[in-house]
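1. what's the 3D shape of this:
(chains A and B)
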Amino acid sequence: MDAVLEIAVLVVALAITWRFLGAYMADVYSGKLKWLDTVERPIYRLLGVDPKGGQSWKRYGASLLIFSLVSLLITYLILRVQNLLPLNPAHMKAVTPALAFNTAVSFVTNTNWQNYAGEQTMSYFSQMAALAVQQFVSAAVGIAVAIALIRGFSNRGSSTIGNFWVDLVRGVLYILLPIAALATVIFVGEGAVQTLSGAVTVHNVLNNATQTIPRGPVASMEAIKQLGTNGGGFFNANGASPFENPTPLTNLLSVYLLLAIPFSLTYTFGKMVGSVRQGLALLGVMFVFFIVWTGITIIAEHGANPALSAAGLHSQSVGNMVGKESRFGTSSSAIYNIASTQTSTGSVDSSMDSYTPLGGMMALSGMMLGEVTPGGVGSGMYTILLFAIVTVFIAGLMVGRTPEYLGKKIQAKEMKLASLGVLVMPITVLVLTGVAMLVPSATDATLNKGPHGFTEILYAFTSQANNNGSAFAGLSSNNAFYNIMGAIAMWLGRFGVIVPSLALAGTLASKGVVPASSGTFKTDSALFGALLIGVILVVGALTFFPALALGPLAEEFSKGRLF
Amino acid sequence: MAKQFIRSVLVSLVFLVLLGVGYPLLETGVAQLVFPYQANGSLTSYGSMEVGQQWGGTKFFHGRLDPYTPLATGGSNYGPTSKVLQQQTKKAIEMWHRLGVRPTEELVTNSGSGVDPDVSVQSALVQIPMVSKARGIPATTLRNLIRKYTVSKQFGFLGESYVNVLQLNVALSKLK
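-> From the prediction side, this is the model:
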C-alpha cells in the first residue's frame, strides 16, 4: 500500500512539474526568457555567435558533432593525466588508454556505462571537471536535438532549425544548473557527502574494526547524474551507496529528478507546436508503459528469490532482498531501478543482476523499447517522435492516404529517416551480442552461468546502445573486447539516432503546412495513442523476443533449476 | 568547420570553469557551512553512521552479510538462479542457527552497496535471544532499546523502518 502512496506522490509532483517546467522550457528555447542575460551574452560574444542567427540542419549537426568530438578529447585527456592534476588526495594513477577512451565515449554520449569503480580509479578533479561536466553538457545536447526536431514541426518553409550553440548554453544555464544546484543541498542535508578532503580512516573500539572511508564532492555529481539522466555514480555502488543516496527521501527525489525533464518535454513540445493536446497524447503513451513496467517489477521483487528458497529460506515475506538496501526495501528499490532504466539513466539503488528473472527482464525490455518511456532527457522525446512518424505512416497505409503529422506531409524521405533512427539501436544490440557469444574472452567475463550469463551480455549491449549505462554488474567488462565494442555501441546508439533526427528536422522545417481536413488522422486522440503503443511494442517485441527467450524467459521457466 | 572547432574548444573551457570547478566548489562551500556533519561523512568516534561495519560473535547485533569494505563498494551480483548464491545462503542460515537465531532475509543476503549500515527492525528483534544470553541483559530491555532506535518509514510511507546497527550497538555497550 505504501508503494501505491509513493507512486501517487510522485505522479502528483510530476504532473505539476510537467505543466510548469514544460512551459518554462518552451520559453527558454524560444528565447523569451532573459533573466540570465548577463551570463549568456558574454559567452556568445566569446564564441562569436549571433544568438538570433539560425542554422541549417547540416550546420546544426556539424556543430553538435564537432562539439561532441572535442568533449570526447578533453575528457579523455583529463583522465589520462589526472595524476598530474590537482585535487587527487588518494593519488590515483592515470587512467589506462582503453578505459579512458571507453569512459570518455560513455559520458559524452550520456550513457555513463562504467568499466571502473570510482573510489578506486578517479581523482576528485576527474569526477568534477571531466565526468560531471559531461553529465551537464551531454544532457543539454540531448534536449537541443529534441527542440530542433520540434522546430521542424513548428517552422514553416524555413531553412533553419535553431542555433546549436544557443540551445546548448541555454539548456545548461536556464534548466540544468539551477535545478541541480538546489537538489545538491537536499542530498547533503539528508546525508550525502560533499567535501574536498580525502578518505578518512576510522577505528571502532567496540568491534576492533578499522575502515578507510572514501569521500569526495559526491552530492553535486549526484544531482546532475539524475537530472541529466546520466547515471554515472561517484562510487561503484552508485545509488545504493549511503553516501550518494542516504535516505528513502533522496531515493524518491532521485526518481523525481530522472523523470522531470523527459516527461515535461512533452508539454514543451505541445506548446511549441501550438497544441498541448498533441503533447498530452505522447505523455499518455510514455506514462502507460512506465506505470505498467513499474507495477510488474514491484510485484516481481516482492516474490521469493529461487536460489534463497533452494537454500532453505522459506519465509521471504519482504521479498527478494539480495542486492537491496535495508532502508529502501523492495518497493522503493524497484521504483528507482525502473525509473532509471526507462529514462536511459542507468543508476541503480540495488543490484540489477540479483533481481528476480521477471524483475530483471522488465528493466531489460524497458530499454529494448527504445528508451521512449519516457526515455533520456531529449533523447526520449526525439525518439518517440520517430515512432510517431512511423505510426502515422502505418495508419495512412490502412486508410490509403498520404500520412501527415502536425500538418507536415510524411513522404518517402521522412519515412526513410525515421526508420533508420528506429532501427539503429536493435541492429547494433543484436549484432554485437551475437559477436560476443562467439568470442571466448567475452563469454568468460560473465559472473553467472546458464541463461543468466547470456542475459548479462545482452543487457550490456542493450544498455550501451540505448545510452543507458545500467548494468547486470556481474559482467567483468573492463577488457579490450568490451571497452571497444561498448564504445562502438554507445557511439552508434547516440549519433546514429541524432543525425537522422536532425535531418528529419531539416526536411520537415522546409515544408509548408497542409490544412487539416475531415480525412486527417487525429494525432491527439486516444486511438493514435493506442496505435503508437502498438507500434512501440511490436518493434520491440518482434526484434527482441528471441533474445529474451534465451535469457530471462528461460530462467523464469527453469522451475527451480540452478546454474 | 574550423570555426565550429574553435567554438567547441572555447565553450568547453567556459563549461570546465563554470560546471567543473565553480559549481562543485560553491556547493562544497554551502554544504560545509549548512550541513558540516553530513557533508563530511556523518563521522562519530565509532565510525561513520552511513557506513556499516562487521560485527562478529554474540555480544553485538549483526548487520547484513556484506564485506563492509568501503573502498570496494557494490553488491555480490549473484543472479536468482545461481548455485553459488544458494550455497552461500545455506552457510549463512547454518551460521545463524548455531547462534540460536532464526534469520530474516536481510541477515542472509548481501546489500546493494556492500556497506549497508542498517537492518530491518525484524532483523534486529530476531537477534535478541542471542545478545540477551551473551550479555545477561533481559530481552525486554533489548526490545525497548531497539524500539528507541527504530527509524520509522520516512513521512510514514517512504522506504522501510530500520535500525542503524552501529547506533544500536553503541547504545548497547553503554547499557547499565
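
2. quick one: mean pLDDT over the longest helix seen in chain B.
-> For chain B, the longest helix by residue count, based on DSSP state H, is helix B:83-98. The average of the pLDDT scores along helix B:83-98 is 97.

3. who are the packing partners of it?
-> Packing partners of helix B:83-98 (3 or more CB pairs under 8 Å, 6 or more residues apart in numbering or on different chains; DSSP states H and E): helix A:306-310. Just so you know, the C-beta spots here come from the backbone N, C-alpha and C atoms, and that holds for glycine as well.

4. report all helices and strands that the next helix or strand after the helix it packs on contacts.
-> Moving toward the C-terminus from helix A:306-310, the next helix or strand (DSSP states H and E) is helix A:329-342. Counting by 3+ CB pairs under 8 Å, 6+ apart, the packing neighbours recorded for helix A:329-342 are helix A:2-29, helix A:248-272, helix A:276-302, helix A:357-368.

5. can you redo the ones you listed as CSV with distance to chain B, mean pLDDT and mean neighbour count?
-> Output for the helices and strands packed on helix A:329-342, formatted as CSV (distance: least, CB to the nearest CB, whole Å; pLDDT from 0 to 100; neighbours: other CB atoms under 10 Å in any protein chain shown):
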stretch, distance to chain B, mean pLDDT, mean neighbour count
helix A:2-29, 4, 98, 17
helix A:248-272, 3, 98, 26
helix A:276-302, 10, 97, 20
helix A:357-368, 6, 96, 25
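
6. partners of the following helix or strand past the longest helix of chain B, with directions?
-> Following helix B:83-98 in sequence order, the next helix or strand is strand B:118-120 (DSSP H and E). Sheet pairing for strand B:118-120, assigned by DSSP bridges, gives strand B:162-164 (antiparallel).

7. residue A:408 and residue A:153 touch, don't they?
-> Yes: Residue A:408 lies in contact with residue A:153 (CB atoms under 8 Å); the separation is 6.1 Å.

8. between those two, which contacts overlap?
-> residue A:508 (CB atoms under 8 Å, 6 or more residues apart in numbering or on different chains).

9. what's the neighbour count on residue 90?
-> Here I'm looking at chain A. For residue A:90, the count of nearby residues is 17 (other CB atoms under 10 Å in any protein chain shown).

10. the chain in question should be chain B.
-> Neighbour count of residue B:90, defined by other CB under 10 Å: 17.

11. hang on, the earlier thing: which residues touch the longest helix of chain B?
-> With CB under 8 Å, 6+ apart as the contact definition, helix B:83-98 has outside contacts at A:305, A:307-308, A:310-313, A:322, A:354, A:449, A:562-563, B:65, B:76, B:78-79, B:102-103, B:107-109.

12. can you show me the strands along the chain?
-> In the absence of a named chain, chain A is used. A:200-204, A:209-213, A:404-405, A:408-409 (DSSP state E).

13. the chain in question should be chain B.
-> Using DSSP E, the strands of chain B run over residues B:43-44, B:47-48, B:118-120, B:150-151, B:162-164.

14. and the average pLDDT for the first one is what?
-> Read it as strand B:43-44. 98.

15. what lines up beside it in the sheet?
-> Applying DSSP bridges, one finds strand B:43-44 paired with strand B:47-48 (antiparallel).

16. quick one on the thing from earlier: can you put the helices and strands packed on helix A:329-342 in a markdown table and add distance to residue B:13?
-> Below are the helices and strands packed on helix A:329-342 laid out as a markdown table (distance: least, CB to CB, whole Å):
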| stretch | distance to residue B:13 |
| --- | --- |
| helix A:2-29 | 23 |
| helix A:248-272 | 26 |
| helix A:276-302 | 36 |
| helix A:357-368 | 35 |
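
17. how about the residues of the stretch 51-200 of chain A near chain B?
-> For the stretch 51-200 of chain A, the residues in contact with chain B (CB under 8 Å from any CB of the partner chain) are A:62-63, A:66-67, A:69-71, A:74, A:117, A:119-120, A:128-130, A:132-133, A:136-137, A:165, A:168-169, A:172, A:177, A:180-181, A:184-185, A:188-197, A:199-200.

18. try the stretch 351-500 of chain A
-> Going by CB under 8 Å from any CB, the residues of the stretch 351-500 of chain A near chain B are A:351, A:353-357, A:360, A:447-452, A:455, A:472-474.

19. show me what counts as buried in stretch B:151-160.
-> B:151, B:153-154, B:157-160 (16 or more other CB atoms under 10 Å in any protein chain shown).

20. these: which two are farthest apart?
-> B:151 and B:157 (13.7 Å; CB to CB).

21. any shared contact partners between the two?
-> Shared contacts of residue B:151 and residue B:157 (CB under 8 Å, 6+ apart): none.

22. quick one, which of the residues of the stretch 51-200 of chain A next to chain B are buried?
-> Counted by 16+ other CB under 10 Å, those give A:62-63, A:66-67, A:70-71, A:74, A:117, A:119, A:128-130, A:132-133, A:136-137, A:165, A:168-169, A:172, A:177, A:180-181, A:184-185, A:188-196, A:199-200 as buried.

23. where along chain B do the helices fall?
-> Secondary structure of chain B (DSSP H): helices at B:2-15, B:23-34, B:36-39, B:83-98, B:121-125, B:128-135, B:139-148, B:165-173.

24. check what contacts the first one and list those residues.
-> By CB under 8 Å, 6+ apart, the surrounding residues in contact with helix B:2-15 are A:43, A:46-49, A:62-63, A:66-67, A:69-71, A:74, A:133, A:136-137, A:165, A:168-169, A:172.

25. that helix versus helix B:23-34: what angle between them?
-> 10 degrees (axes from the mean of the first three to the mean of the last three CA atoms, to 10 degrees).

26. so for helix B:2-15, mean pLDDT?
-> Here the average pLDDT along helix B:2-15 is 97.

27. could you tell me how many residues sit around residue B:91?
-> Neighbour tally, residue B:91, other CB under 10 Å: 13.

28. from residue A:321, how far off is it?
-> From residue B:91 across to residue A:321, the span is 17 Å (CB to CB, to the nearest Å).

29. for residue B:21, same thing?
-> Look at residue B:21 and residue A:321: by CB to CB, they are 41 Å apart.

30. and residue B:98, by the same measure?
-> Counting by CB to CB - residue B:98 and residue A:321 are separated by 22 Å.

31. between the two, which one's more packed in?
-> residue A:321 (29 against 8).

32. would you mind measuring from that one to residue A:102?
-> 32 Å.

33. where does residue A:400 land on pLDDT?
-> In this prediction, residue A:400 carries a pLDDT score of 85.

34. what count of nearby residues applies to it?
-> 7.

35. surely residue A:202 and residue A:210 touch.
-> Yes: between residue A:202 and residue A:210 there is a contact under CB under 8 Å: 7.2 Å.

36. more neighbours, the two?
-> Neighbour count, other CB under 10 Å: between residue A:202 and residue A:210, residue A:202 has more, with 19 against 11.

37. specify the beta-bridge partners of the more buried one.
-> residue A:211.

38. equivalent analysis for residue B:119, please.
-> Residues in beta-bridge contact with residue B:119 (DSSP bridges): residue B:163.

39. tell me the spacing between it and residue B:61.
-> 8 Å.

40. shared neighbours of those two, anything?
-> The contact lists of residue B:119 and residue B:61 share B:163, B:165, where a contact means CB under 8 Å, 6+ apart.
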